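Novice: have a look; sequence and predicted model below, questions after that.
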Amino acid sequence: MDFRLRHFAASYANRNSPLSADVYAFLGNSAWWIFDVGASDGAKNFIENLDENFCGIKLQKNIIISHFHQDHCANLPRLHYDNLFVSKETWKHFHLGTPIESSVEFDDGETIRILPIPSSHAKGSLLLCIGRNAFLGDATYPAVGHGSPDRYNVQLLEAQIRFLNALDVDFFWMSHKRFVPREKNSVLQFLESVYATRQPNENWIAVNSDR
């Protein structure tokens, strides 16, 4: 699959550009499947020029937004696309696209699935599965503390671990991680190690985030 996968790297906020998440674009037989659209001009230009730079013909663009945080979706109003898939929660923020509330599947040279995933980081997160790969966005990250420690919700983390264990893939791709796929087992081991630190009668687990 890798030769059909294109990537525009995440960037951190600076004086000239906002925080912008990774953008992944998979070249299917009939369409580009684009996971997140970022917030920077560079991410916008990458998406707009996919046909010219990578396939030479005009293809449909199908966009999947992982969650409603601006670094993943701020470019939406500036882009032309054919289909947009969002969670119900993301739809509440933008009133755009098709809300996804359960797994949907497409065949475009590879089996493509869009699924809701339990997440402490953002309510209403989606993941994209292509073949043996799952693109997670920020779903496995904790809720950002904004001055307080980042933290995982105990119930959501337990549900996420069960969900990811059952997912029939080999590799996880997370945003802000420099285009490096992680083996499924290594990510699960980390999440399970966090879950093991939960305390009785506590709903949250504080962590030091390495993002």
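Specialist: Yep, that arrived. Residues are numbered from 1 along each chain as shown.
Novice: partner residues bridging the residue nearest the centre of the chain?
Specialist: Centroid check for the chain by C-alpha atoms, centre = their mean gives residue 137 as the closest residue, at 2.3 Å. With DSSP bridges as the criterion, residue 137 is bridged to residue 174.
Novice: show me what contacts it?
Specialist: Applying C-beta atoms under 8 Å, 6 or more residues apart in numbering, one finds that residue 137 lies in contact with 21, 35-36, 66-67, 72, 125-127, 174-175. No exception for glycine: its C-beta is placed from N, CA and C like everyone else's.
Novice: what of residue 153?
Specialist: For residue 153, the contact set (C-beta under 8 Å, 6+ apart) comprises 120, 143, 203-204.
Novice: can you check residue 136 too?
Specialist: Going by C-beta under 8 Å, 6+ apart, the list of residues near residue 136 reads 66, 117, 127, 172-175.
Novice: what separates it from residue 82, distance-wise?
Specialist: Note on residue 136: its distance to residue 82, by C-beta to C-beta, to the nearest Å, is 24 Å.
Novice: helices along this structure, start to end?
Specialist: Secondary structure of the chain (DSSP state H): helices located at 41-48, 50, 70-73, 88-94, 154-166, 184-195.
Novice: most tightly surrounded among those helices?
Specialist: helix 70-73 (a mean of 23; mean count of other C-beta atoms under 10 Å).
Novice: counting contacts, what elements does it pack onto?
Specialist: If contacts are counted by 3 or more C-beta pairs under 8 Å, 6 or more residues apart in numbering; DSSP states H and E, helix 70-73 sits against no helix or strand.
Novice: which residues are contacting stretch 173-185?
Specialist: Contacts of stretch 173-185 (C-beta under 8 Å, 6+ apart): 7, 9-10, 21-22, 24, 36, 66, 72, 133-138, 140-141, 164, 167, 169-172, 187, 211.
Novice: ok, 7 Å please
Specialist: With contacts defined as C-beta atoms under 7 Å, 6 or more residues apart in numbering, stretch 173-185 is touched by 7, 9-10, 21-22, 24, 36, 133, 135-138, 140, 169-172, 211.
Novice: turn the contacts of residue 136 into a markdown table, including distance to residue 193.
Specialist: Listed next are these as a markdown table, based on distance: C-beta to C-beta, whole Å:
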| residue | distance to residue 193 |
| --- | --- |
| 66 | 24 |
| 117 | 19 |
| 127 | 21 |
| 172 | 16 |
| 173 | 21 |
| 174 | 16 |
| 175 | 21 |
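Novice: by neighbour count, which of those wins?
Specialist: Neighbour counts for these (other C-beta atoms under 10 Å) peak at residue 66, which has 30 neighbours.
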